[in-house]
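Q: Using only what follows, build the 3D model:
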Amino acid sequence: MSENKDSPGIRLTVKVTPNAGRNEITGFKDGVLRVRIAAAPEKGKANKELTDFLADRLGIRGASVSIIKGQMSHIKMVLLEGISGEDLTKLQ
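A: Below is the predicted model of the structure:
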């Protein structure tokens, strides 16, 4: 996780496991948020479900969560706008 003074928001590394039985956060390990997503990794479905799921858990708009790196990878860099580092406790 990192905050950048030039860009509003928090960057968070997320490891995504698609095709899970349900959407859930399995925890933080080595600074990486681990998330299981029910959607399949095809045509952006898992990415969309990931951003919607994180937005819902954080209580922010879906547009405030974007994948800025790793769209085709299990390891993604996600930008969370409009929250502070303290708000990340909602993800545990």
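
Q: Phi first, then psi, for Ala55.
A: phi -60, psi -40 (degrees, to the nearest 10).

Q: show me what contacts it?
A: Each residue near Ala55 by CB atoms under 8 Å, 6 or more residues apart in numbering is listed here: 61-62, 64-65. All C-beta atoms are positioned from the backbone trio N, CA, C, and that covers glycine.

Q: Check Leu79 too.
A: 7, 9-12, 65-68.

Q: Can you select the buried ones from those residues in ChimeraX?
A: To isolate the buried ones among the contacts of Leu79 in ChimeraX, judged by 16 or more other CB atoms under 10 Å, type:
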select :9,10,12,65,67
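
Q: Just the ones in strands from the contacts of Leu79, please.
A: With strands taken from DSSP state E, the overlap with these comprises 10-12, 65-68.

Q: top of the contacts of Ala55 by neighbour count?
A: Counting by other CB atoms under 10 Å, Val65 has the largest number of neighbours within these, with 24 neighbours.

Q: now that residue: how far from Val35?
A: 12 Å (CB to CB, to the nearest Å).

Q: what residues does stretch 16-32 touch?
A: Applying CB under 8 Å, 6+ apart, the contact partners of stretch 16-32 are 1, 13-15, 33-41, 46, 49-50, 53, 57, 74-76, 91-92.

Q: May I have that stretch exported as PDB, CA atoms only?
A: Coordinates of each C-alpha in stretch 16-32 appear next as PDB, following Å, rounded to 0.1, in the frame of the first residue of the first chain:
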ATOM      1  CA  VAL A  16      -6.900 -12.100  -7.200                       C
ATOM      2  CA  THR A  17      -8.200 -15.700  -7.300                       C
ATOM      3  CA  PRO A  18     -11.000 -15.900  -9.900                       C
ATOM      4  CA  ASN A  19     -13.700 -18.600 -10.100                       C
ATOM      5  CA  ALA A  20     -14.100 -18.800  -6.400                       C
ATOM      6  CA  GLY A  21     -17.300 -20.000  -4.800                       C
ATOM      7  CA  ARG A  22     -18.000 -16.500  -3.500                       C
ATOM      8  CA  ASN A  23     -16.400 -13.000  -3.200                       C
ATOM      9  CA  GLU A  24     -14.200 -12.800  -0.100                       C
ATOM     10  CA  ILE A  25     -11.100 -11.200   1.300                       C
ATOM     11  CA  THR A  26      -8.800 -13.800   2.700                       C
ATOM     12  CA  GLY A  27      -6.400 -11.300   4.300                       C
ATOM     13  CA  PHE A  28      -3.100  -9.400   3.900                       C
ATOM     14  CA  LYS A  29       0.100 -11.300   3.400                       C
ATOM     15  CA  ASP A  30       3.500  -9.600   2.800                       C
ATOM     16  CA  GLY A  31       1.700  -6.300   2.000                       C
ATOM     17  CA  VAL A  32      -0.600  -7.900  -0.600                       C
END
